[in-house]
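S.K.: Structure for this input, please:
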Amino acid sequence: MALLNQVMDICKRLAPQGWHTLLLHHGLDLLAPNLESELGKTLTPDRTLQGFVDFAPAGTRGIEPGKPAHSLLYHALANPNVTTDARGNPLQAYATPAELETVLEYVYARQAPSLQQLRARAKGQPMAVVVFAVEYRPAPDTVHKVHADLCFARTGIARVGTAPPLYDAQSRGFLPFVEGESHAIRVLPARYSAYIAVQLKGDETRFGPMRFGAADAATDFWVPLHKLFSGSECIAGMKLDVQLLAEHKNEKLRRIHLELGQGSGWGAPDIDQPPFVITQGLADWLPEQAYGRGLVCAIPHKHLIEAARYQGKPLTFNVPARPEILVSSLRINENGPEYVHMRHKVDDAGNVINLNRRPDMMGELRKGGFKALHYLDFSADGCIQARCTALDAALPQRVAAYSLVCPPDFYPLCKQRHLLEWLETLSQVDRFSIFIVYPDCLSDSRYPANIQSFPSAFSSTDVGMTAIVAQFDSSRPVSAPLQPNVAAARCASSLPDAGAGSFAPGWDVGVVSYEAQSEDDEDIEHLAAYRLGSPFPEDAKLCAALSSFWPAVAPDSAQSYEPGDQAGPTIKPMRDQEIGKAGGYPWDGVPAAKKYIAGGITHRAYETYLYTDYTENALNDKFSLALTGQVDSVEYQRRMNAWYTIKKSLGNDAGNWFIDSFSDATPEDTNVVTLNTNVPIRPNDKGYRFELFRFAPVDSPAFDQIRIKLKATFTYFVWPQVVLRQQGTKPWERV
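M.R.: Down below sits the predicted model:
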């Protein structure tokens, strides 16, 4: 068997790197003379070892045919929490992505089923060749939360960047950081695989979907039965040639002109070709030899965005007279990017005039009637389809996956679902006090994929696209305990529970309404990447500054701007370093407020929100996730909870207090708590220091700057077991 020989080579390579002694502790000898027999014998796994606590309770073999989560070898190699040998010594090497795919395929090839056997398992339900985005995850992030398992979704999320991908072997995943380059961002891929799948109504106890909803029991979901791969070892009696085909499209500029109409400056046939519609240079497959089959990755570009050109000239659009504006962005309410950059005016000679440098900018924007420069970003959506001619007669139906190529995730170690699960532990009053609009995650959405851009790939009735399901036979044992304390993987995720839901329009993807073709039909809402801002930083500014209305795991930039009505309120505080204070650098390129003293009173000078331009910052490579990217879900929630605790202590006056500084507590801060309370602070307890202020406005000599003076201050120390505050120089008090 070709796959067995490859697995033997993998085991021989890894055995001397700590894996032989580790797996021998469980009874599996990687260097056994007959590895095929060794992988099939009954073992006694030690589930007290790190990384094996969440190995499937029913798993007793090195390879359990057709069941990756019950296969000790695959679990050990693929689980990010397996990092030490049986004695606690660090493992010296890990399987490559290509090797993990090989072992996974061997799991399904070990006793390759026939088509007849697969049909019998389906019990007469519809079957098809279906493409899924796939991840192997620790127990708390699986559908059933009982043991580590494969998770499947028919939507995958890759992310754009300026540097090539980086696989972190220990975390078994990809990270966006570039060592030594704080403002470089690596692209992130998503893995897709073809499976023979069965169509079933949602079933919480058998396969899900994750976060099972009331309507899911009546909704159709495709559930994977058996992985497809090329060769004669996949399905008994057949030789397969399995290919995955990708198609991606960015049509933001085309959609802008369609919505603005004949007066936009361009129409067909121009808007049906590049750069109005981009189909090249967006995403491609990573090399199989290094990464295995099915890894789609965004193509790195020098900058996150670039100015658009057409026919050798800067590409512009005509801003309508008296346009609808939100803050300083053009707003489109229908079937295109909701927010469009319009602050770079182009005159008749082709000169670009930066309205951000003009005191009358808002007046010019409101008047409209000028040409504005278009910008390109490299986000996209698309479809991943499978081709396997050997199965055409027996299984003619092909079901595509929805591929999203999204903006960077500035919190790659945080998951949107984790935020929701934390909020659900709070009282209903607290939940809706924290967020005005309740958060959502993409995996909970029940919309079809982009049926306008890819009508032959997707169906308007297929609303389970973003749901996450388990494999067909991954039913949860009734008596099996959940594993909530197992660590999540410390790498980026490409499945939809890591993505933001479809807010208006959202951080990752938007929802548009497709007008019905007849009066008897209802309009169809569907997902579409082109609903996001053009370019995406235009949208990111609004999402980050208005965190109470765009409740995603995303930066909250309210602390960077003047206190008042334009930005905020702060919901998810950011540490000083993350917004450019205390020796750090701002995630969004916006300089931190400057401190100065006038008349013996402390003042602050802010770059005004209206004149801040994220599109310019992206052009100048000012974005960074080097600091925010280190924050995991636990830390993210802890910060939110600390700030919410402070706001509750301020009562009805909370809206008049703003964050001047936020940082981790220092040993000196701990001493203050110890001196003023009898509460012991343990060495591993995490505490925070908040400095708050009330303010009064003062005149500013610059049109793009807001100045204030501080009228009163509070300092807070927040630990899990105690909250201490000081107003001005008054004595400390326990809250």
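S.K.: Could I get the contacting residues of Glu515?
M.R.: 335, 523 (Cβ atoms under 8 Å, 6 or more residues apart in numbering). For glycine as for every other residue, the C-beta is placed from the backbone atoms N, C-alpha and C.
S.K.: oh sorry, the question was meant for Gly655
M.R.: Gly655 neighbours (Cβ under 8 Å, 6+ apart): Pro569.
S.K.: Show me the protein divided up by domain.
M.R.: Following automatic domain parsing, one finds the domains of the chain at 2-109, 115-245+381-413+442-498, 556-734.
S.K.: what about the shortest one, how long is it end to end?
M.R.: End-to-end span of domain 2-109 (Cα to Cα, to the nearest Å): 10 Å.
S.K.: The longest one too?
M.R.: Start to finish, the residues bounding domain 115-245+381-413+442-498 are 35 Å apart (Cα to Cα).
S.K.: what does stretch 578-593 give?
M.R.: End-to-end distance (Cα to Cα), stretch 578-593: 13 Å.
S.K.: That one: how far from the chain's middle?
M.R.: What separates the centre of stretch 578-593 from the centre of its chain is 23 Å, taken as Cα atoms, centre = their mean, to the nearest Å.
S.K.: Which SSE is immediately downstream of whichever helix or strand Lys711 is part of?
M.R.: Counting by DSSP states H and E, the element that carries Lys711 is strand 705-719. Under the assignment DSSP H and E, the closest C-terminal helix or strand after strand 705-719 is strand 722-727.
S.K.: Identify the residues contacting Thr570.
M.R.: Thr570 makes contact with 547, 556, 558-559, 643, 658-659 under the criterion Cβ under 8 Å, 6+ apart.
S.K.: Among those residues, name the buried ones.
M.R.: 547, 556, 558-559, 643, 658-659 (16 or more other Cβ atoms under 10 Å).
S.K.: Adding pLDDT as columns, could you present the residues you listed in JSON lines?
M.R.: Compiled in JSON lines, the buried ones among the contacts of Thr570 are given as follows (pLDDT from 0 to 100):
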{"residue": "Ser547", "pLDDT": "75"}
{"residue": "Asp556", "pLDDT": "93"}
{"residue": "Ala558", "pLDDT": "92"}
{"residue": "Gln559", "pLDDT": "94"}
{"residue": "Trp643", "pLDDT": "96"}
{"residue": "Phe658", "pLDDT": "95"}
{"residue": "Ile659", "pLDDT": "96"}
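S.K.: Secondary structure class of the nearest residue to Asp347 once chain neighbours are set aside, three-state.
M.R.: Sequence neighbours aside, Ile353 is the residue nearest to Asp347 in space, at 6.3 Å (criterion: Cβ to Cβ, 6 or more residues apart in numbering). Following DSSP: H, G, I helix; E, B strand; the rest coil, Ile353 is assigned to strand.
S.K.: Kindly report the same for Val130.
M.R.: strand.
S.K.: repeat for Ala217
M.R.: helix.
S.K.: mind pulling up the phi and psi values for the closest residue to it other than its chain neighbours?
M.R.: Nearest residue to Ala217 in three dimensions, chain neighbours excluded: Gly202, at 5.2 Å (Cβ to Cβ, 6+ apart). Main-chain dihedrals, Gly202, degrees, to the nearest 10: phi -50, psi 140.
S.K.: if I look at Gly202, how far off is Phe432?
M.R.: Distance, Gly202 to Phe432, using Cβ to Cβ, to the nearest Å: 27 Å.
S.K.: Those two - which one has more neighbours?
M.R.: Higher neighbour count among Gly202 and Phe432: Gly202, with 21 against 13, using other Cβ atoms under 10 Å.
S.K.: contacting residues for the more buried one?
M.R.: 208-209, 212, 216-219, 221 are the contacts of Gly202 under Cβ under 8 Å, 6+ apart.
S.K.: State the pair within the buried ones among the contacts of Thr570 that is farthest apart.
M.R.: Ser547 and Phe658 (14.1 Å; Cβ to Cβ).
S.K.: follow-up on the earlier one: so for the strand holding Lys711, what gets flagged as buried?
M.R.: 706-710, 713-719.
S.K.: Most distant residue from the centre of this protein?
M.R.: Distance from the centre of the chain peaks at Gly599, with 47.5 Å (Cα atoms, centre = their mean).
S.K.: so how far does stretch 379-395 reach from one end to the other?
M.R.: 33 Å.
S.K.: about what we covered before: list just the nearest of the buried residues of strand 705-719 to Glu525.
M.R.: Proximity of the buried residues of strand 705-719 to Glu525 (Cβ to Cβ) peaks at Ile706, which lies at 39.1 Å.
S.K.: Can you list the residue ranges for strands in the stretch 501-650 of the chain?
M.R.: 510-514, 524-528, 594-598, 601-607 (DSSP state E, counting those that start in this stretch).
S.K.: Would you confirm that the residue nearest to Asp347 contacts Val346?
M.R.: Yes. Here Ile353 reaches Val346: they are 7.3 Å apart, a contact under Cβ atoms under 8 Å.
S.K.: so can I have CSV of the buried ones among the contacts of Thr570 showing distance to Gln452?
M.R.: Below are these laid out as CSV (distance: Cβ to Cβ, whole Å):
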residue, distance to Gln452
Ser547, 30
Asp556, 33
Ala558, 35
Gln559, 39
Trp643, 41
Phe658, 43
Ile659, 43
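S.K.: Out of those, which sit inside helices?
M.R.: Trp643 (DSSP state H).
S.K.: which one of the buried ones among the contacts of Thr570 is nearest Ala197?
M.R.: Among the buried ones among the contacts of Thr570, Ser547 lies closest to Ala197 (Cβ to Cβ), at 38.1 Å.
S.K.: Surely that closest one touches Ala558?
M.R.: Yes. Counting by Cβ under 8 Å, Ala558 is a contact partner of Ser547 at 6.6 Å.
S.K.: overlap in contacts of these two?
M.R.: 568-571.
S.K.: Out of those residues, which one has the lowest pLDDT?
M.R.: Ranked by pLDDT, the shared contacts of Ser547 and Ala558 bottom out at Gly568, which scores 83.
S.K.: From Ala112, how far off is Glu105?
M.R.: With Cβ to Cβ as the criterion, Glu105 and Ala112 are 10 Å apart.
S.K.: swap that for Ala487, please
M.R.: 35 Å.
S.K.: can you check Tyr716 too?
M.R.: For Tyr716, the distance to Ala112 (Cβ to Cβ) stands at 62 Å.
S.K.: and if you look at Arg639?
M.R.: In this view, Arg639 and Ala112 are 50 Å apart by Cβ to Cβ.
S.K.: With Gly568 instead?
M.R.: 59 Å.
S.K.: Counting neighbours, go ahead and name the busier of those two.
M.R.: Gly568 (22 against 19).
S.K.: So, low pLDDT: which residues of the protein?
M.R.: Low-confidence segments of the chain (pLDDT under 70): 1, 475-484, 503-506, 516-521, 548-549.
S.K.: could you show me where the strands are in the stretch 151-300 of the chain, in order?
M.R.: With DSSP E, counting those that start in this stretch as the criterion, the stretch 151-300 of the chain has strands spanning 155-159, 167-168, 173-174, 189-201, 220-227, 243-249, 283-285, 295-298.
S.K.: Out of the ones you listed, flag the one nearest Pro80.
M.R.: strand 173-174 (6.9 Å).
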